[in-house]
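K.L.:
got a structure for you, letters missing:
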């Protein structure tokens, strides 16, 4: 199959999803092209700012900077051209939230099948439903989101997270990488800050890495954690190195829709991508409770719900290295089937059987498989 993969446009965890699918699809023998939305967004922003500077000399009432919709439209407008020029069977979009809706409408008008892998469920299902209504099919990484998204597109399937084979794997010791007792890498949503600040880290080398909202950095709660914060955003490769060297890796979930904590969504059941990556790397992890975690990992990944439970499980893990090693080995054995190669096979099979033969039926009328 010849596919054009549309990058999500962000250089965070969704970038790693795009890389994982491109690698897996290529290994399976498919012809893969990449629509580099991240680079196009940057270029579109520069171009539009330059044009506005010139135009404002004649009309100062014009805005000083382009809007989000202007930038995404400029960055998305060549997607259809790239698909037609490449004579692709379908366009596979990762996330889709930085693609302008008019770019998706152009794809449909040109009769190019398109599917979207949604990465932000259940937190942004309202926005994702708007995207789902414009494409041939979609997948979500949260199983409780399948039903609401099917109201926008009946060809919606559950597609769990995954790890990159050969990349997320045990590695040699690197003396330049900090070896923390406990490490967490991720965005510091308010509920995560509250949880971590309420746990007892006395005598424990806790390494915290990731993005923190400016307002939260000034909060009394964050002050209790600030000494443990070692750095901001990092690549997945850097995070994986930290995982390999830590005694305990934390896998924290989220509830808020964005870092400002203004709105929360509860009831998620599926594991986040970090759960698969940690297990494949051979790291020992403790995770906040999600129904799917026990289904996949059994008791090889201990879970917690409260700061007190987190404190107890971390103390036990640090005191029993043999238990940690055995649990990590069992989790790695259990995660083996959950690679991007397996997920890519599902995507191709569903594209082939349900979409390519009849890709342009109205999404709400399509019979879900």
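P.N.:
Here it is on my side, so go on. Since we're looking at a predicted model, the values are computed, not measured.
K.L.:
so who does residue 76 touch?
P.N.:
Contact partners of residue 76, counting by CB atoms under 8 Å, 6 or more residues apart in numbering, are 37, 40, 99-100, 102-104. (Each C-beta comes from the backbone N, C-alpha and C, glycine too.)
K.L.:
tell me how this protein divides into domains.
P.N.:
Residue ranges for the structural domains of the chain, counted by automatic domain parsing, are given in the record as 2-162+339-365, 182-335.
K.L.:
pull the helix or strand with minimum mean pLDDT from the chain.
P.N.:
Ranked by mean pLDDT, DSSP states H and E, the weakest helix or strand in the chain is helix 214-217, scoring a mean of 81.
K.L.:
and the domains of the chain as TSV, adding distance to residue 174?
P.N.:
Rendered in TSV, the data for the domains of the chain read as follows (distance: least, CB to CB, whole Å):
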stretch	distance to residue 174
domain 2-162+339-365	20
domain 182-335	6
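K.L.:
tell me which of those approaches residue 169 most closely.
P.N.:
Between residue 169 and the domains of the chain, the tightest spacing by CB to CB is seen for domain 182-335, at 6.4 Å.
K.L.:
list the buried ones in the longest helix anywhere in the chain?
P.N.:
Taking DSSP state H as the criterion, the chain has its longest helix at helix 37-56. Burial within helix 37-56, assessed by neighbour count using 16 or more other CB atoms under 10 Å, is assigned to 37-38, 40-41, 44-45, 48, 52.
K.L.:
try stretch 185-205
P.N.:
When neighbours are counted by 16+ other CB under 10 Å, the buried residues of stretch 185-205 are found to be 185-193, 195-197, 199, 201, 204.
K.L.:
nearest to residue 324, of the residues you listed?
P.N.:
Relative to residue 324, and with distances defined as CB to CB, the nearest of those is residue 204, at 14.3 Å.
K.L.:
show me what counts as buried in stretch 216-234.
P.N.:
Buried residues in stretch 216-234, counted by 16+ other CB under 10 Å: 216, 219, 222, 225, 228-230.
K.L.:
no no, stretch 28-35
P.N.:
Neighbour-count burial for stretch 28-35, counted by 16+ other CB under 10 Å, picks out 30, 32-33, 35.
K.L.:
how long is stretch 176-184 end to end?
P.N.:
One end of stretch 176-184 sits 18 Å from the other (CA to CA, to the nearest Å).
K.L.:
mean confidence for that stretch?
P.N.:
This predicted structure assigns stretch 176-184 an average pLDDT of 97.
K.L.:
output the buried residues of stretch 28-35 as TSV; include the columns secondary structure and distance to residue 349.
P.N.:
Compiled in TSV, the buried residues of stretch 28-35 are given as follows (DSSP: H, G, I helix; E, B strand; the rest coil; distance: CB to CB, whole Å):
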residue	secondary structure	distance to residue 349
30	coil	12
32	strand	17
33	strand	21
35	strand	23
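K.L.:
helices - which of the contacts of residue 76 land there?
P.N.:
Among those, the members falling in helices (DSSP H) are 37, 40, 102-104.
K.L.:
tell me the one of those nearest residue 329?
P.N.:
Distance from residue 329 was checked for each of the ones in helices among the contacts of residue 76 by CB to CB. The minimum falls on residue 37, at 38.8 Å.
K.L.:
following the host helix or strand of residue 139, which helix or strand comes up?
P.N.:
Under DSSP states H and E, the secondary-structure element containing residue 139 is strand 137-140. Past strand 137-140, further along toward the C-terminus, the next helix or strand under DSSP H and E is helix 146-150.
K.L.:
just checking, what packs against the next helix or strand after that next one?
P.N.:
Beyond helix 146-150 in the direction of the C-terminus, DSSP H and E gives the next helix or strand as strand 156-158. In this structure, strand 156-158 packs against strand 137-140, helix 146-150, with contacts taken as 3 or more CB pairs under 8 Å, 6 or more residues apart in numbering; DSSP states H and E.
K.L.:
tell me which of those is the most buried.
P.N.:
Per residue and on average, the most neighbours among those fall to strand 137-140, with a mean of 26 (mean count of other CB atoms under 10 Å).
K.L.:
list the contacts for residue 106?
P.N.:
77, 79-80.
K.L.:
could I have the buried ones of these as PyMOL selection syntax?
P.N.:
What follows is the PyMOL syntax for the buried subset of these, where burial is set by 16+ other CB under 10 Å:
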select buried, resi 79+80
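K.L.:
helices along the stretch 251-369 of the chain, start to end?
P.N.:
In the stretch 251-369 of the chain, the helices defined using DSSP state H, counting those that start in this stretch lie at 273-281, 291-297, 307-319, 321-335, 340-350.
K.L.:
and which of the contacts of residue 76 is nearest to residue 15?
P.N.:
When the contacts of residue 76 are compared against residue 15 (criterion: CB to CB), the nearest one is residue 37, at 10.4 Å.
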